[in-house]
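1. kindly generate the corresponding structure for this input.
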Amino acid sequence: MSRASLFVGLLLGVFMLPAQAAELTAQVDRTRLSAGETVELTLETNDVTQFGKPDLSVLDTDFEVRDTRQVNRLTTLDGASQANTRWLITLLPRQTGSVQIPPLTLGELSSQPITLQVLPGNVQEPANELAPVFIEASLDHDSVYVQAQAVLTLRIYHSVALFDDSNLSPLQLPEARIEKLGEPRTYEKLINGIRHGVIETRYAIYPQRSGVLQIPALVFSATQVQTAAAIGPGQQQAPNPYGPQPGKALQVSSAEITLTVKPTPHDWPAHLPWLPARNVTLEENWNPDTVNTQVGDSLTRTLSLQVEGLSAAQLPPLTNPDLPGLRRYPDQPQLSNEANERGLISRRQESEALVPNRTGAMELPSIEVTWWNTQQEHIEHSSLPARTLQVTNNPGLAVDTPVGGDHSALAPWLWVWQLSTLFFAFTTLLGAVFWWRARGQPAVARSAQSGPSPRTVLDDLKRACQANDPHATRQALDAWARQQPETLAEMAARFVPLSDALDGLNGALYSEAGQFWLGEDLWRAIGTLPASERLHANGEAGLPPLYPK
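-> Sure thing, here's the model as predicted:
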């Protein structure tokens with residue numbers, strides 16, 4: 001009864017899964033191998049309606065199918081369930097050269113083809129390497145430049161069964177940086193007609209000084225499983241198949257390897273950071289993807305540097321000089337490493353928010369990375385072209401007119417300005433006469449003020465600052481500034497604490513990192529503004545004190 005309930009529950013869970021696009025994906029543990037070595041093919045599908053298995057008959061032409069395993073998995077995360085099925089298939093190529101794993105089908109699903117490079121292997125291995133367990137150590141290059149990459153590959157061959165207690169001593173080189181290239185891989189290889197299991201471990205080595213680097217021997221320790229045939233006929237009693245199995249301790253060492261480390265080339269510029277690599281790619285992305293913007297708007301620029309043959313810790317920062325009229329709010333750089341067949345591919349990504357504070361054209365200079373091509377032995381340059389930002393006026397913000405503008409277009413309107421000045425002077429004098437005569441008249445009640453009062457606006461600004469809310473503070477600050485005789489830019493130019501507080505507010509608004517902002521500095525700067533700058537243009541008295549005694 002319990003088994004039936006479990007089966008019904010599993011079926012209900014499967015059919016209640018969210019609808020997803022069904023697909024059949026294929027991948028291998030490596031794409032380059034030697035003749036006689038096996039490769040593991042992984043097929044995976046998320047189609048829960050498929051209860052069969054893939055058709056493997058198309059593999060018989062170019063491969064020998066050694067083993068097939070099926071793994072079913074049902075995972076639940078945040079209330080959402082996901083089921084998938086994997087098939088782990090061990091393949092032995094029948095020929096060398098370029099061999100393709102054809103598309104495999106499962107119902108109406110089909111996987112993508114995969115191309116393998118099968119290198120010719122030795123037909124006959126030396127007799128001294130036919131020990132039950134031995135280690136093969138090799139470098140991809142016998143000589144590299146200082147701080148460049150050398151890949152060390154250790155292959156442990158065993159023709160006998162081993163327990164799971166195997167151990168490989170760590171690689172320690174005080175004069176080099178060491179990066180382990182993924183987890184150890186296991187596969188099989190035929191040597192002189194004998195099937196050997198292979199445990200492959202790879203390291204990326206970056207020598208820190210020139211000369212000769214001696215890579216020490218590594219020790220592999222394991223316990224061999226001893227069967228009845230291995231114990232021999234002289235033993236009185238066969239081992240108990242249901243109890244602990246007898247074992248034999250084994251320990252083998254790899255050979256020491258010498259690596260020649262060349263110094264920095266003499267023609268490398270001394271003022272540039274040394275960057276030896278196989279390939280370098282420099283890219284940029286903009287959000288939004290436009291070169292036209294307005295004053296006060298935020299543009300996000302992301303620079304990505306990808307290098308083959310170095311670790312992310314060796315990548316230099318991307319120089320980006322400051323420009324007048326453009327404020328920068330950079331984020332922390334993102335570093336990552338990815339291992340492939342030839343070593344490490346490292347990435348450095350730098351993002352920053354750019355906020356222009358004046359109109360006009362802004363020329364962003366080109367960015368260049370100089371590096372040494374370790375394959376072709378010469379200097380190369382990867383660069384991004386210069387970019388011009390066209391910044392226009394923002395009607396929602398009061399900004400200063402850029403210095404050095406062309407005023408020749410205003411010359412024909414000079415007489416209009418002069419006549420208007422005389423007119424306003426006359427009307428001002430006439431208004432002063434009327435005011436002098438109206439001094440003896442009884443006072444009249446002032447009409448009700450439209451919109452929020454100065455006290456209400458100031459209270460809203462105070463609450464927003466105390467709540468540390470940058471967006472609400474910006475709205476309240478704009479409302480308060482509209483009631484002042486000067487713009488925010490003019491007040492910030494005269495009062496340094498207000499300018500610093502506005503920079504902090506802009507940083508919280510425009511930075512992608514979403515930095516935490518405190519409104520105490522801005523509220524203190526507003527409260528300490530000189531009294532003459534907080535008077536209204538119509539001659540009203542200043543606002544009540546922010547901190548009454």
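
2. can you give me the neighbour number for residue 386?
-> Neighbour count for residue 386, taken as other C-beta atoms under 10 Å: 10. For glycine as for every other residue, the C-beta is placed from the backbone atoms N, C-alpha and C.

3. let me fix that, I meant to ask about residue 396.
-> Using other C-beta under 10 Å, residue 396 has 9 neighbouring residues.

4. OK, contacts around it?
-> For residue 396, the contact set (C-beta atoms under 8 Å, 6 or more residues apart in numbering) comprises residue 296.

5. mind checking the SS state of it?
-> Following DSSP: H, G, I helix; E, B strand; the rest coil, we place residue 396 in the coil state.

6. how's the protein carved up into domains?
-> Listed by automatic domain parsing, the domain ranges of the chain are 18-119, 127-228+246-262, 276-392, 454-534.

7. list the buried residues for stretch 35-49?
-> For stretch 35-49, burial by neighbour count (16 or more other C-beta atoms under 10 Å) applies to 35-41, 43-48.

8. pLDDT and secondary structure for the residues you listed - can I get that in CSV?
-> Below are these laid out as CSV (pLDDT from 0 to 100; DSSP: H, G, I helix; E, B strand; the rest coil):
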residue, pLDDT, secondary structure
35, 82, coil
36, 80, coil
37, 83, strand
38, 86, coil
39, 86, strand
40, 87, strand
41, 90, strand
43, 87, strand
44, 88, strand
45, 85, strand
46, 81, coil
47, 75, coil
48, 67, coil
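
9. for these, which one is nearest residue 137?
-> The closest of the buried residues of stretch 35-49 to residue 137 turns out to be residue 37 (C-beta to C-beta; 17.0 Å).

10. can you tell me how far that closest one is from residue 319?
-> Distance of residue 37 to residue 319, computed by C-beta to C-beta, to the nearest Å: 46 Å.

11. likewise for residue 53?
-> 56 Å.

12. neighbour count for the two, which is higher?
-> Per other C-beta under 10 Å, whichever of residue 53 and residue 319 has more neighbours is residue 53, with 12 against 9.

13. what's the single longest helix in this protein?
-> helix 414-437 (DSSP state H).

14. could the domains of the chain go into CSV alongside distance to residue 437?
-> Formatted as CSV, the domains of the chain follow (distance: least, C-beta to C-beta, whole Å):
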stretch, distance to residue 437
domain 18-119, 79
domain 127-228+246-262, 89
domain 276-392, 47
domain 454-534, 28
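
15. picking up where we left off before, give the next helix or strand downstream of the longest helix of the chain.
-> Remark: after helix 414-437, the chain's next helix or strand is helix 454-466, criterion DSSP states H and E.

16. show me which residues of the following helix or strand past that following helix are buried.
-> Downstream of helix 454-466, the next assigned helix or strand under DSSP H and E is helix 470-481. Neighbour-count burial for helix 470-481, counted by 16+ other C-beta under 10 Å, picks out 470, 472, 473, 474, 476, 477, 479, 480, 481.

17. export helix 470-481 to CSV, keeping only CA atoms.
-> Taking Å, rounded to 0.1, in the frame of the first residue of the first chain, the C-alpha atoms of helix 470-481 are listed here in CSV:
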residue,chain,number,x,y,z
PRO,A,470,16.9,59.2,-1.6
HIS,A,471,14.0,59.2,-4.1
ALA,A,472,11.5,61.0,-1.7
THR,A,473,14.3,63.4,-0.7
ARG,A,474,15.0,64.3,-4.3
GLN,A,475,11.2,65.1,-4.9
ALA,A,476,11.0,67.2,-1.7
LEU,A,477,14.2,69.0,-2.5
ASP,A,478,13.0,70.0,-5.9
ALA,A,479,9.7,71.3,-4.4
TRP,A,480,11.7,73.3,-1.8
ALA,A,481,14.1,74.7,-4.4
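
18. not counting it itself, show me its contacts.
-> By C-beta under 8 Å, 6+ apart, the list of residues contacting helix 470-481 from outside reads 398, 452, 457-458, 460-461, 463-465, 487-488, 491, 505, 508-509, 517, 519, 522, 526.

19. packing partners of whatever helix or strand comes next after it?
-> Sequence-wise, the next helix or strand downstream of helix 470-481 (DSSP H and E) is helix 488-494. With contacts taken as 3 or more C-beta pairs under 8 Å, 6 or more residues apart in numbering; DSSP states H and E, helix 488-494 sits against helix 470-481, helix 496-510.

20. contacting residues for the closest residue to residue 345 other than its chain neighbours?
-> Leaving aside its sequence neighbours, residue 345 sits nearest to residue 338 (C-beta to C-beta, 6 or more residues apart in numbering; 4.7 Å). Taking C-beta under 8 Å, 6+ apart, we find residue 338 in contact with 344, 345, 346, 347.

21. which residue packs closest to the third one, ignoring adjacent ones?
-> Spatial nearest neighbour of residue 346, excluding adjacent residues (C-beta to C-beta, 6+ apart): residue 312 at 4.0 Å.

22. how near is residue 143 to residue 206?
-> Residue 143 is 14 Å from residue 206, by C-beta to C-beta.

23. who's more crowded, those two?
-> Taking other C-beta under 10 Å, residue 143 and residue 206 do not tie; residue 206 has more neighbours (23 against 12).

24. quick one, phi psi at that one?
-> Reported as degrees, to the nearest 10, the phi and psi values for residue 206 are phi -120, psi 90.

25. the residue nearest to residue 483 when sequence neighbours are not counted: neighbour count?
-> Leaving out its chain neighbours, the residue that sits closest to residue 483 by C-beta to C-beta, 6+ apart is residue 454, at 5.7 Å. Residue 454 has 17 neighbours, counted by other C-beta under 10 Å.

26. ok, residue 454 to residue 476 distance?
-> Using C-beta to C-beta, residue 454 is found at 12 Å from residue 476.

27. got it, and residue 357?
-> Residue 357 is 21 Å from residue 476, where distance means C-beta to C-beta.

28. ditto for residue 433
-> From residue 433 to residue 476 the distance is 42 Å (C-beta to C-beta).

29. residue 110 touches residue 58, doesn't it?
-> No - at 11.0 Å, residue 110 does not count as touching residue 58 under the criterion of C-beta atoms under 8 Å.

30. joint contacts of these two?
-> In contact with both residue 110 and residue 58: 103, 104, using C-beta under 8 Å, 6+ apart.

31. thinking again about what came up before, residue 427: which of the contacts of residue 338 is nearest?
-> Out of the contacts of residue 338, the member with the shortest distance to residue 427 (by C-beta to C-beta) is residue 347, at 68.3 Å.
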